[in-house]
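>>> Model the following, please.
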Amino acid sequence: MPCVTYDDDAPLLADLMPWSVAPLRVGRGWPVGPDVRSLKARWDALLKAEVADREALFEPSRSRTPHSAVARLPGQGGGGTERLVRAAGPCAEPVRVLAAPFDEQWLIPDHRLVDTARPELWRVADERQVFVVETPDDVPLLATSRLPVLRLGTIRPLHRRPGGAEPNLAPGLLDLLAARLGTRPSPVDVLAWILAATRPDLTVPLTEDPELWASGVELGRRMLWLMRRDGERPKLPGGRRPYVRAPLPARPLTLDYDRDEETLLLGEGRVSPVPPAAWDYEVAGARVLEAWFTARTAPAAPGTLAAIRPPSWPQTWTSELLELITVLALLSDVRKRRADLKPTAPITATDLRRAAILPAPATSHRPASVLDHPEEGPEGQFALL
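Have a look, this model is predicted:
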């Protein structure tokens, strides 16, 4: 991506949302997958293996081996804390995560399986939370309700505490915006503006023009709705709903696109209409639909846990694919509208410094203290917190 510089003194995203967390790192592919039943079967296969075989199946790293002693993941009732080499319990119930851009999969929430779990994110993950993920794109942010496990970029939660409490915004920013705009925005309004206005260099032009602000927030809220996909199902205008026109094979091996017919080809299966904008949608240089398909069909090495997969293509994957096509097509239209958002009447970084909002205090760059109960440590010991 070419480097573009701006000279309008817009504040940085890092200034407006000061608490950030580095990406999670699972360290092995098999605890993550698009199918819950396969994940549980992988766990069972691991525990049934002889001790000598268990280590190889686990795929150890410098951070995790079957002998590692780790605490339970915050907020997760499943997953033991005894060393994995002695584990005999059931699989922790998989949780929904964002495994890749626009690709929601499942993760076994067991700290013993994850190299770098970022417990501070698990502590604030709930139905009110929104995670913002930085990407190296012209539209540089993803937003998700799911815990992101993709190694793409820095993660910025909207809320510093569970239950939607304490926004991860520079202290005083909401007050200043309320004074300049004549109405007090909510934290979600500010996030919507950030999604709509953030530039590739991660600067965020702000405005004190109420009409422009309202327009940007409306656009950003639509982006947020499409990215989170946790409300009413999106639909393409004009009744152009994608359908399965020819049945998908039990194991589609290839994915292609007929641009003239606006048809997605999964082996002998046919899905249409698929707008070109949905097929062409990329994040970080990768076509989203191709990456989604590859995550479900790429061959795994025989004898590995990752090779345990559904025997045939599940119907749920087809439903997810049809919805993903719709989301990408609608987001492509939003991208065009986003390019037309030209902030005027700016609130600059200098303005924020004069108002003593920037630099944000050091405490706002660190996780909030959210621990109101003990968390189970290694080997079942409870830490005194």
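>>> Please, which helix or strand holds the residue nearest to Asp258 when sequence neighbours are not counted?
Excluding its sequence neighbours, the residue lying closest to Asp258 (CB to CB, 6 or more residues apart in numbering) is Leu265, at 6.4 Å. The C-beta positions use only the backbone N, C-alpha and C, and glycine is treated the same way. Element membership of Leu265 [criterion: DSSP states H and E] is strand 263-266.
>>> Name the strands paired with that strand and say parallel or antiparallel.
Here strand 263-266 has these sheet partners by DSSP bridges: strand 255-258 (antiparallel), strand 269-272 (antiparallel).
>>> what residues does that strand touch?
Identification of contacts with strand 263-266 by CB atoms under 8 Å, 6 or more residues apart in numbering yields 242, 245, 248-249, 252, 254-258, 270-274, 279, 289, 293, 325.
>>> picking that back up, highest average neighbour count across the strands paired with strand 263-266?
Mean neighbour count (mean count of other CB atoms under 10 Å) peaks for strand 269-272 among these, with a mean of 18.
>>> helices and strands around the next helix or strand after that one, which ones?
Note on strand 269-272: by DSSP H and E, the next helix or strand toward the C-terminus is helix 276-280. Under the contact criterion of 3 or more CB pairs under 8 Å, 6 or more residues apart in numbering; DSSP states H and E, helix 276-280 touches helix 315-339.
>>> Tell me which other helices or strands the helix it packs on touches.
Counting contacts by 3+ CB pairs under 8 Å, 6+ apart, helix 315-339 is packed against helix 210-228, strand 243-246, strand 269-272, helix 276-280, helix 288-297.
>>> From the chain's centroid, how far away is the last one?
Centroid separation for helix 288-297 versus its chain: 16 Å, with CA atoms, centre = their mean, to the nearest Å.
>>> contacts for it?
Contacts for helix 288-297 (CB under 8 Å, 6+ apart): 34, 99-103, 105, 251-253, 255, 264, 266, 278-279, 281-282, 313, 317, 321, 324-325, 328.
>>> can you give me the angle it makes with helix 315-339?
Angle of helix 288-297 versus helix 315-339, following axes from the mean of the first three to the mean of the last three CA atoms, to 10 degrees, is 160 degrees.
>>> And helix 288-297, what's buried?
Neighbour counts using 16 or more other CB atoms under 10 Å place Val288, Leu289, Ala291, Trp292, Phe293, Ala295, Arg296, Thr297 of helix 288-297 among the buried residues.
>>> got those as a markdown table, with pLDDT and distance to Arg233 columns?
As requested, these are arranged in a markdown table below (pLDDT from 0 to 100; distance: CB to CB, whole Å):
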| residue | pLDDT | distance to Arg233 |
| --- | --- | --- |
| Val288 | 98 | 18 |
| Leu289 | 98 | 18 |
| Ala291 | 98 | 22 |
| Trp292 | 98 | 18 |
| Phe293 | 98 | 21 |
| Ala295 | 97 | 22 |
| Arg296 | 97 | 21 |
| Thr297 | 97 | 25 |
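>>> wait, which of these is closest to Val26?
Ala295 (13.6 Å; CB to CB).
>>> What's the local residue count around Thr116?
Applying other CB atoms under 10 Å, we find 14 residues neighbouring Thr116.
>>> Beyond the lowest-mean-pLDDT helix or strand in the chain, next helix or strand please.
Counting by mean pLDDT, DSSP states H and E, the chain has its least confident helix or strand at helix 51-58, which shows a mean of 91. Next helix or strand after helix 51-58 toward the C-terminus (DSSP H and E): strand 95-100.
>>> ok so, going back, of all the helices and strands packed on helix 315-339, which one is nearest Ala56?
helix 288-297 (23.7 Å).
>>> show me where pLDDT drops low in the stretch 1-150 of the chain?
Applying pLDDT under 70 to the stretch 1-150 of the chain picks out residues 1-7, 76-78.
>>> quick one, what contacts the residue nearest to Arg128 when sequence neighbours are not counted?
Once flanking residues are discounted, Arg128 sits nearest to Gly164: 3.5 Å by CB to CB, 6+ apart. By CB under 8 Å, 6+ apart, the contact set of Gly164 is Arg128, Gln129, Pro187.
>>> quick one on the thing from earlier: make a markdown table out of the buried residues of helix 288-297 and add distance to Leu226.
Shown next, in a markdown table, are the buried residues of helix 288-297 (distance: CB to CB, whole Å):
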| residue | distance to Leu226 |
| --- | --- |
| Val288 | 13 |
| Leu289 | 15 |
| Ala291 | 18 |
| Trp292 | 16 |
| Phe293 | 20 |
| Ala295 | 20 |
| Arg296 | 22 |
| Thr297 | 25 |
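>>> And the residues you listed, which is closest to Arg25?
Out of the buried residues of helix 288-297, the member with the shortest distance to Arg25 (by CB to CB) is Ala295, at 17.4 Å.
>>> Tell me which residues touch Leu219, please.
Leu219 makes contact with Ala192, Ala196, Val334, Arg337, Arg338, Leu341, according to CB under 8 Å, 6+ apart.
>>> among those residues, which two are most distant?
Most distant of the contacts of Leu219, by CB to CB, are Ala192 and Arg337, 13.3 Å apart.
>>> Tell me which of those two has more neighbours.
Comparing Ala192 with Arg337 by other CB under 10 Å, the one with more neighbours is Ala192, at 23 against 14.
>>> Verify the stated contact: the more buried one with Leu224.
Yes: with contact defined as CB atoms under 8 Å, Ala192 reaches Leu224; the gap is 5.8 Å.
>>> From the contacts of helix 288-297, keep the buried residues only.
Buried among these (16+ other CB under 10 Å): 34, 99-103, 105, 252, 255, 264, 266, 278-279, 281, 313, 317, 321, 324-325, 328.
>>> Hmm, Thr144 is touching Val130, no?
Yes: under the criterion of CB under 8 Å, Thr144 makes contact with Val130 at 7.2 Å.
>>> Give me the common contacts of those two.
With CB under 8 Å, 6+ apart as the test, Thr144 and Val130 both reach Arg228.
>>> So between those two, which is more surrounded?
Taking neighbours as other CB under 10 Å, Thr144 and Val130 compare with Thr144 leading, 24 against 20.
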